[in-house]
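> Build me a structure from this.
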Amino acid sequence: MFYCVLMATLGSFSVGWTIGSPNVPGEITHNCPTGNAHINNPQLPDCLPMDTTLWGFAVSSFCVGALIAGFFGGHIQTKLGRKLAIRYNTIPWVIGSILMGAAAHNAMFIIGRLITGFSCGLGSVCIPTYIGETSTIRARGAMGTCHQFFIVSGILLASVIGLPTSTVPLWRLNFALVGIPAIVQYFLTYTMVESPRWLVSQNRIDEARYSLARLRGKKANIDGEFYEIVESQLGSAAAASVAHSPDNTMKPITQAQRAEGEDEEDALRPTHDDDAVGPFSDEASEQVNRQDALNHIQVFKDPLIRHVTLIILFLHFMQQWIGMNAVIFYSTTIYAEAFDQSMSQYMAIATTGVNFVATLLSVLLVDRMGRRALLLIAEFGCTLFSMLLVIGYALHIPALLVVSVFLYVASFAVGVGPIPWMITSELTPTYANSAVSSLATAMNWSMNFVIGLVFPLIFEKIAGYTFCIFIGVGIVAMFVTAIFLPET
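Take a look at the predicted model:
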């Protein structure tokens, strides 16, 4: 199981590299002293001169690709399967890395970044889904945070590599390296196990049992878990036929079998917690035999799924508008308010290091504290330290500015970063998972694009006071989480 999660999250690492690669070498990429002269290479310009607006668009353009691929990602992963979607998802990273590394003009660089965004968007749908569907219940929290953990690992390494490559022409290498883990992942996906839940949804029952047995180990008893998977996808009659089978295998389920009466199967169903509360208990039990996958429109027509979808969409909106990616994209610019250019680059790398360590802490805490409590603490921390950051900027206190950014990043990484991705599959029934996941990914990346585009313009005008916007978002997020978000 952990091996399969590790292989899947190689794509998460590439997402992080795509996000973090413009941070440290960004200045030399679009504003080097020699401009677009061909001094170091007669075939390629030394850099790609852009004004603030165009560079902001170039940095954020991958979010447009991610938005498009994310919106259709649910359909793609349902059609191809989780494993095959992850494999084919590596191809745009390779193409985009070549275009960016060999960019002869601004448009070529932007198109390359846009294409890498396709992989970021589809990966943001199929990787968390694959992790949620292959992990055990006990390990699902820790495994779920691996997606965010490898994203921040990619951001960190991109920043570290960005320091020695912040020269002409080595900045090209920094953007091109994202293709390497993508190529490695393409071949390693052949060693992964397909999601048992997806296989059951495709009526490939024996393959699903074999897949689950490989994930859980030779000595594990998978009967109970397999029953629940089949029941959730095909109904209790189908699940009961597995239980009644002498060898616990079955042929593909026919429509007639799905439609059989289920009264006689009630005793075989797993027991439910009678003390469960809220709209995620009784109504979910009544809909347990609903097999048809919902599309983007249907999730808003179903009262139960609409409630879940709106909460998830808000969490993904909040994850971007609380300001973290503004810090990741432009931390060097923020630190330039207090330090020189060289020290600002080192501080930017240290910031990604804090992000890495705090995300590792989240892996340890998420199953102990619970998703809701950890998210509330993280939102409070982001709001508090955004306030202190504004104070540090207003009073010109460099030490307070640095400490505030570090603690803000730590607060985000411990909860706001990983939990929206993880909680999407945990709150959503399997039949609605693909549609809700793709909507959430589209929301996340569209807001990511807006932040990346407008933040440098706003920061240019009001500098550190920009974080007042993020303070307001953080306050609203705490109230919404406290009132509407259930524990999973």
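
> Could you give the number of residues near I98?
I98: 14 surrounding residues under other CB atoms under 10 Å. Using the backbone N, CA and C atoms, a C-beta is placed for each residue, glycine as well.

> buried ones in stretch 301-317?
Across stretch 301-317, burial judged by 16 or more other CB atoms under 10 Å covers 302, 304-305, 307-309, 311-317.

> possible to save the residues you listed as a markdown table with distance to W198 and secondary structure?
Supplementary listing: the buried residues of stretch 301-317 in a markdown table, determined by distance: CB to CB, whole Å; DSSP: H, G, I helix; E, B strand; the rest coil:
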| residue | distance to W198 | secondary structure |
| --- | --- | --- |
| D302 | 21 | coil |
| L304 | 22 | helix |
| I305 | 19 | helix |
| H307 | 25 | helix |
| V308 | 20 | helix |
| T309 | 21 | helix |
| I311 | 24 | helix |
| I312 | 20 | helix |
| L313 | 24 | helix |
| F314 | 27 | helix |
| L315 | 24 | helix |
| H316 | 23 | helix |
| F317 | 28 | helix |
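
> Going by distance to I91, which of those wins?
I91 has its nearest neighbour among the buried residues of stretch 301-317 in H316, at 25.5 Å by CB to CB.

> which stretches of the protein have low pLDDT?
Of all residues in the chain, those with pLDDT under 70 make up the ranges 242-292, 328-334, 337-338, 464.

> just checking, what's the longest helix in it?
helix 430-462 (DSSP state H).

> what's the distance between that one and the middle of its chain?
With CA atoms, centre = their mean, to the nearest Å as the basis, helix 430-462 stands 11 Å off its chain's centre.

> Buried residues in the helix or strand following it, which are they?
For helix 430-462, the succeeding helix or strand toward the C-terminus, using DSSP states H and E, is helix 467-484. Within helix 467-484, the residues that count as buried by 16+ other CB under 10 Å are F467, I469, F470, I471, V473, G474, A477, M478, T481.

> And for stretch 172-188?
For stretch 172-188, using 16+ other CB under 10 Å, the buried residues are R172, N174, F175, A176, L177, V178, G179, P181, A182, Q185, Y186, L188.

> what does stretch 35-48 rub up against?
With contacts defined as CB atoms under 8 Å, 6 or more residues apart in numbering, stretch 35-48 is touched by 28-32, 34, 49, 102-106, 109, 168-169, 171-172.

> Let me have the buried residues of stretch 301-317 in a markdown table, extended by distance to A8.
Output for the buried residues of stretch 301-317, formatted as a markdown table (distance: CB to CB, whole Å):
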| residue | distance to A8 |
| --- | --- |
| D302 | 29 |
| L304 | 29 |
| I305 | 25 |
| H307 | 29 |
| V308 | 24 |
| T309 | 24 |
| I311 | 25 |
| I312 | 21 |
| L313 | 24 |
| F314 | 26 |
| L315 | 22 |
| H316 | 20 |
| F317 | 25 |
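
> Closest one of these to L384?
Nearest to L384, judged by CB to CB, of these is L315 at 19.5 Å.

> Excluding residues flanking it in the chain, which one is nearest the closest one?
With sequence-adjacent residues excluded and distances taken as CB to CB, 6 or more residues apart in numbering, L315 is closest to P420, at 4.1 Å.

> got the contact list for whatever helix or strand that neighbour lives in?
Assigned by DSSP H and E, P420 falls within helix 419-427. With contacts defined as CB under 8 Å, 6+ apart, helix 419-427 is touched by 124, 128-129, 131-133, 140-141, 144-145, 147-148, 280, 308, 311-312, 315-316, 318-319, 366, 371, 374-375, 378, 433, 436-437, 440, 444, 486, 488.

> for stretch 93-100, same thing?
14, 18, 108-109, 111-119, 172, 175-179, 182-183.

> buried set for stretch 422-437?
Quick answer for stretch 422-437 (16+ other CB under 10 Å): 422-437.

> Same question for stretch 32-39.
By neighbour count on 16+ other CB under 10 Å, the buried set for stretch 32-39 is C32.

> How far away from the center of its chain is it?
Worked out by CA atoms, centre = their mean, stretch 32-39 lies 37 Å from the chain centre.

> Grab the nearest non-local neighbour of V184.
Leaving aside its chain neighbours, V184 sits nearest to L10 (6.6 Å; criterion: CB to CB, 6+ apart).

> isn't the one you found right up against I183?
No. With contact defined as CB atoms under 8 Å, L10 does not reach I183; the gap is 10.2 Å.

> Spell out, range by range, the helices that occur in the stretch 251-400 of the chain.
For the stretch 251-400 of the chain, the helices defined by DSSP state H, counting those that start in this stretch cover 255-258, 282-286, 298-301, 303-321, 324-335, 341-369, 371-394, 398-411.

> Contacts for the fourth one next, please.
Meaning helix 303-321. The contact list for helix 303-321, computed with CB under 8 Å, 6+ apart, reads 279-280, 283-284, 287, 294, 298-300, 379, 416-417, 419-420, 423-424, 427-429, 432, 436, 439-441, 443-444, 447-448, 450-451, 469-470, 473, 476-477, 480-481, 484-485.

> Which residues are in contact with D51?
No contacts exist for D51 under CB under 8 Å, 6+ apart.

> for it, phi and psi?
D51 adopts backbone torsions of phi -80, psi 180, taken as degrees, to the nearest 10.

> ok, it to C32 distance?
Relative to C32, D51 is positioned 14 Å away (CB to CB, to the nearest Å).

> same thing with A66?
A66 is 28 Å from C32, by CB to CB.

> Can you tell me the closest non-neighbouring residue to the residue most central in space within the chain?
Centroid-nearest residue in the chain: S124, 4.4 Å away (criterion: CA atoms, centre = their mean). Leaving aside its sequence neighbours, S124 sits nearest to T441 (CB to CB, 6+ apart; 4.6 Å).

> How many residues are close by the one you found?
Neighbours of T441 under the rule other CB under 10 Å: 29.

> wait, it sits on F72?
No. Between T441 and F72 there is no contact under CB under 8 Å: 9.9 Å.

> ok, A8 touching I127?
Yes. Contact criterion CB under 8 Å: A8 and I127 qualify, at 5.1 Å.

> Which residues are in contact with each of these two?
The contact lists of A8 and I127 share I86, where a contact means CB under 8 Å, 6+ apart.

> and N448, what is it in contact with?
Here N448 is in contact with S60, C63, A66, Q320, N325 (CB under 8 Å, 6+ apart).

> Please tell me how far it sits from L401.
Counting by CB to CB, the gap from N448 to L401 is 24 Å.

> Same question for V436.
As judged by CB to CB, V436 and L401 stand 39 Å apart.

> for the buried residues of stretch 172-188, which one is nearest T359?
T359 lies nearest to P181 out of these, by CB to CB, at 18.0 Å.

> can you tell me which residues contact the closest residue to I458 other than its chain neighbours?
Sequence neighbours aside, T466 is the residue nearest to I458 in space, at 5.0 Å (criterion: CB to CB, 6+ apart). By CB under 8 Å, 6+ apart, the contact list for T466 reads A326, F455, I458, F459.
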